[in-house]
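**Student:** mind looking at a prediction? Sequence and model below.
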Amino acid sequence: MSNATAIVTGAARGIGAAVAQRLAQDGFAVAAVDLDDSTATVESITRSGGRALAIVADVSDEAQVTEAVARTATELGPPTVLVNNAGVGPRAALVDMTTEQWDTVLGINLRGPFLFTRAVVPYMIDAGWGRIVTMSSISATGDAGRVDYGSAKAGLIGFTKSLALQLGPHGITANAIAPGFIVSDMTRLSARRLGLEFEEFQRQAAESIPVGRVGQPEDIAHTASYLVNHAAGFVSGQVIYVAGGPVD
């Protein structure tokens, strides 16, 4: 994979940072895209001898996405791997949810992957090979506190399956990862809303997870690493639940 280039969105921290670092270890040059500065992720990669590029971009902005992909191709090489990870998930009851919040959540979580995928796929078609991995969530099965987030994450499953059907003849696979409880800024915020220390929140969550622990960003990174590998060429249109147990 030493000559391949990957784009990872939402790569400044958490799952995105872990995925970017893992793909760099696998030999990819990595464009770490985030609305926030992803320099720390890039520095971690370059210290280990990898090639990486920090790009600040709003994934829901078409012009910024186009520029980010073009810059990646120019500075690192044509991207043939895309990990759509950027996402937000504020909580609000339906009756309290503003139209602006709905549009923001759908814009980042659903529009963003569409824009990036559309921009990257021509490079994959030219190469005759590509890997698209998109972060869904167990919230796709229903999330009472976040109807916007649940709707977006469910939409990504349909998006992924449709991509797999359309792009398979070009040597491109598309899969989704649906994380369960992962230690992240989002779960830390959930603990704060509940008035719990984060350690206690994790302990309580682990009690309902069959493997007896919560997930770490690296658990998602390991799965992404497999899905973008040549060895996963017969896996496409799938939703991989990384949740420590079965998900209904």
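**Tutor:** That came through fine.

**Student:** from A86, how far out is R131?
**Tutor:** Distance, R131 to A86, using Cβ to Cβ, to the nearest Å: 17 Å. The C-beta positions use only the backbone N, C-alpha and C, and glycine is treated the same way.

**Student:** my bad, should have said D61
**Tutor:** In terms of Cβ to Cβ, D61 sits 12 Å off from A86.

**Student:** compare the two (neighbour count), which wins?
**Tutor:** A86 (25 against 16; other Cβ atoms under 10 Å).

**Student:** other residues contacting stretch 200-209?
**Tutor:** Identification of contacts with stretch 200-209 by Cβ atoms under 8 Å, 6 or more residues apart in numbering yields 180-181, 183, 187, 190-191, 194, 196, 212-214, 243-245.

**Student:** and the residue nearest the centre of the chain, how close does it get to V8?
**Tutor:** The residue lying closest to the centre of the chain (Cα atoms, centre = their mean) is N85, at 1.8 Å. Distance, N85 to V8, by Cβ to Cβ: 6 Å.

**Student:** G14 now?
**Tutor:** 11 Å.

**Student:** identify the residues contacting the residue nearest to the centre of the chain.
**Tutor:** The contact partners of N85, taken as Cβ under 8 Å, 6+ apart, are 8-11, 15-16, 19, 135.

**Student:** and the helices in the chain?
**Tutor:** Assigned by DSSP state H, the helices in the chain fall at 14-25, 39-47, 62-75, 99-106, 112-127, 147-167, 185-194, 198-207, 217-227.

**Student:** tilt between the helix or strand bottoming out on mean pLDDT in the chain and helix 147-167?
**Tutor:** Using mean pLDDT, DSSP states H and E, the weakest-scoring helix or strand in the chain turns out to be helix 185-194, at a mean of 85. Using axes from the mean of the first three to the mean of the last three Cα atoms, to 10 degrees, the inter-axis angle of helix 185-194 relative to helix 147-167 is 160 degrees.

**Student:** identify the residue nearest M135 in space, chain neighbours excluded?
**Tutor:** N85 (4.8 Å; Cβ to Cβ, 6 or more residues apart in numbering).

**Student:** no, scratch that, I was asking about A24
**Tutor:** G50 (3.7 Å).

**Student:** give me the neighbour count for the one you found.
**Tutor:** 19.

**Student:** and for H230?
**Tutor:** Around H230 there are 9 residues (other Cβ under 10 Å).

**Student:** low-confidence ranges in the chain?
**Tutor:** Counting by pLDDT under 70, the chain has low-confidence residues at 1-2.

**Student:** which strand runs longest in it?
**Tutor:** strand 172-179 (DSSP state E).

**Student:** which residue lies farthest from the center of the protein?
**Tutor:** The chain, farthest from centre, Cα atoms, centre = their mean: V95 at 28.8 Å.

**Student:** domains for the chain, by residue range?
**Tutor:** What automatic domain parsing lists as the domains of the chain is 5-180+218-241, 185-214.
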